[in-house]
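Visitor: give me coordinates for this.
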Amino acid sequence: MLGYDQQKRILDVVVAIGLMVLFLPIWFIVPLLIYVESGWPVLFRHRRVGKNGKEFYLFKFRSMVHDADDILHKRDKALLEKFKQSDWKLEDDPRITRLGKALRSLTIDEFPQLFNVLHGEMSMVGPRAYVKKELEEQAEKYPETKEYIAKILSVKPGISGPWQTSGRNEVPFAQRAKMDAKYADNRSIWNDISILVKTPRAMISKW
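Guide: Residues are numbered from 1 along each chain as shown. Model (predicted):
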């Protein structure tokens, strides 16, 4: 009988390919709309921390202006401070394009992460894929989360996960990390399937 890791990999590949085929028009329409609105590139890649602390490039459809990182980290100190105080989130991020807001509300911007799943860097279900500096700074801000972070990094990050489907997307980092660590401690193929089944409803609830 296949073990959990083998079962999970099969589930990841089957679901990722199935979604790619099911939403095939998105791969043509969305890049065209992004190009028309703000030019190239239509994809955005960002370094994230994966299993065992290994960094990888996470892909998304670009939903921000071209120089979004420079604006945040080099040119707008007030925005950066607000970003960090809000646990590395911005409720009304001025860098998001008009089309980007629609893509994010429908979670379409995350579709390219299916390639990360097929490549084996991510899973369909798992903890959030964090930025290395975010983990470092949040561990200092919330010292109690250091044990949670160790557990989070023991598994592959996921496109969906326990806190995304719990209706608590805006929870503080400490609670989010605790939920992700609990998932890592209690992994099972049935738990993964349950989270996948809940994901569409969680996506619709954002609209």
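Visitor: spatially nearest residue to residue 38 (excluding sequence neighbours)?
Guide: Nearest residue to residue 38, sequence neighbours excluded (Cβ to Cβ, 6 or more residues apart in numbering): residue 97, at 5.8 Å. For the C-beta atoms, the positions are set from N, CA and C on the backbone; glycine is no exception.
Visitor: could you count how many residues lie near that neighbour?
Guide: Neighbours of residue 97 under the rule other Cβ atoms under 10 Å: 18.
Visitor: quick check, it in contact with residue 37.
Guide: Yes: between residue 97 and residue 37 there is a contact under Cβ atoms under 8 Å: 6.2 Å.
Visitor: would you list every one of the helices in this protein?
Guide: Here the chain has its helices, by DSSP state H, at 4-22, 26-38, 68-70, 77-85, 98-105, 113-119, 132-141, 146-152, 173-185, 189-204.
Visitor: of these, which approaches residue 59 most closely?
Guide: helix 113-119 (5.9 Å; Cβ to Cβ).
Visitor: buried set for the closest one?
Guide: By neighbour count with 16 or more other Cβ atoms under 10 Å, helix 113-119 contains the buried residues 113-114, 116-117.
Visitor: cool, and stretch 29-40?
Guide: Neighbour-count burial for stretch 29-40 flags 30-31, 34, 38 (criterion: 16+ other Cβ under 10 Å).
Visitor: equivalent analysis for stretch 3-23, please.
Guide: Those buried within stretch 3-23 under the rule 16+ other Cβ under 10 Å are 7-8, 11-12, 15-16, 19-20.
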